[in-house]
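Participant: any chance you can model this:
(one chain, ligands or ions: 1)
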Amino acid sequence: MNYPPKVPPDSGVLQLAAVCYGTQALGPGLRAAVWVQGCPFRCPGCIAPQWLSFDHPARRVKPEVLAEELLADPQIGGLTFSGGEPFMQARGLARLAKLARQKRDLNIICFTGYQLEQLIRKPPESSVFDLLDEIDVLIDGPYIAERNDGRGLRGSDNQRIIYLTSRLAGYDFHALPRRVELQVLNGQMMVVGIPPVDVLQVLDATLPQGVHLQAGLFFKRLVVNDERA
Ligand code: SF4
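Facilitator: Numbering: from 1, shown residues only. Model prediction:
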């Protein structure tokens with residue numbers, strides 16, 4: 001884990017909030033997921049508040065290194081980018097996607113708080129179009145808690161599912177059932193996926209005393225507070 005001083009977002013070095021090396025909860029098939037650190041939006045009800053700050057400790061990694069990590073499992077057939085805001089780190093993610101695709105035929109899904117028109121009209125980073133070139137399905141727009149209908153592979157029903165290529169055209173992302181997976185990585189339990197409405201409250205309610213869910217967008221960590229410490 002590396003910590004600030006920060007690298008400029010345009011440098012191509014990724015600043016990561018989290019990585020999952022195999023999930024079936026964030027798109028078709030078995031995929032790896034990358035959550036970047038830092039988001040310029042503040043959607044009320046965002047469940048990843050600790051991933052919004054650009055100053056929060058984050059793992060810094062070159063795309064070349066991360067590509068190798070993500071492809072270690074030969075069954076991985078796709079990548080999902082989320083955050084944080086992926087388009088604030090467009091250069092690094094575009095390079096990551098390109099490198100990974102040189103080694104394997106992957107499909108790529110990306111969530112963003114921007115609308116596609118905003119990205120085109122006023123790109124927040126110099127490599128936005130390079131990243132758009134790599135994405136098969138873009139899920140765009142801010143999260144609106146009141147419009148979370150508990151359906152599909154998006155947080156709320158204002159978010160559009162935009163097929164930028166035909167590669168995943170056979171999948172109806174609006175109809176995909178939401179699912180979550182409990183995973184253990186580096187001694188921490190994570191909830192990966194887009195939780196159906198109320199699932200997180202149920203999970204929270206079932207945890208033993210002293211164990212709390214810490215919010216994370218589509219990814220949560222169980223943080224054990226050892227009260228003897
Ligand atoms: S919901 Fe997404 S776009 Fe909105 S503040 Fe949270 S991470 Fe940013």
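
Participant: next secondary structure element downstream of the top strand by length along the chain?
Facilitator: In terms of residue count, the longest strand belonging to the chain (DSSP state E) is strand 14-23. Next along the chain after strand 14-23, taking DSSP states H and E as the criterion, comes strand 31-36.

Participant: now that next one against strand 14-23, angle please.
Facilitator: Our comparison of strand 31-36 with strand 14-23, counting by axes from the mean of the first three to the mean of the last three Cα atoms, to 10 degrees, yields an angle of 160 degrees.

Participant: hmm, back to that, the longest strand of the chain - contacts with which helices or strands?
Facilitator: strand 31-36, strand 59-61, helix 63-70, helix 90-103, strand 180-185, strand 188-193 (3 or more Cβ pairs under 8 Å, 6 or more residues apart in numbering; DSSP states H and E). Placement of C-beta: from N, CA and C, glycine included.

Participant: give me the distance from it to the chain's centre.
Facilitator: 8 Å (Cα atoms, centre = their mean, to the nearest Å).

Participant: between that strand and strand 188-193, how many degrees?
Facilitator: Using the same axes, to 10 degrees: strand 14-23 against strand 188-193 is 80 degrees.

Participant: quick one on the thing from earlier: the ligand: which of the helices and strands packed on strand 14-23 is closest?
Facilitator: Nearest to the ligand among those is strand 31-36 (9.0 Å), distances taken as Cβ to the nearest ligand atom.

Participant: would the closest one count as contacting the ligand?
Facilitator: No: using Cβ under 6 Å from any ligand atom, strand 31-36 never reaches the ligand; the gap is at least 9.0 Å.

Participant: what angle separates that strand from helix 90-103?
Facilitator: 160 degrees.

Participant: please save the CA atoms from strand 31-36 in CSV.
Facilitator: C-alpha atoms of strand 31-36 as CSV (Å, rounded to 0.1, in the frame of the first residue of the first chain):
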residue,chain,number,x,y,z
ARG,A,31,-14.8,-10.5,-13.9
ALA,A,32,-12.2,-8.4,-12.0
ALA,A,33,-13.3,-5.1,-10.5
VAL,A,34,-11.3,-2.0,-9.9
TRP,A,35,-12.5,0.9,-7.7
VAL,A,36,-10.5,4.1,-8.0
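
Participant: for the helices and strands packed on strand 14-23, which one ends up most surrounded?
Facilitator: Greatest average neighbour count among those goes to strand 31-36 (a mean of 25), per mean count of other Cβ atoms under 10 Å.

Participant: adjacent strands (with direction) for that one?
Facilitator: Take DSSP bridges as the rule and strand 31-36 pairs in its sheet with strand 14-23 (antiparallel), strand 78-82 (parallel).
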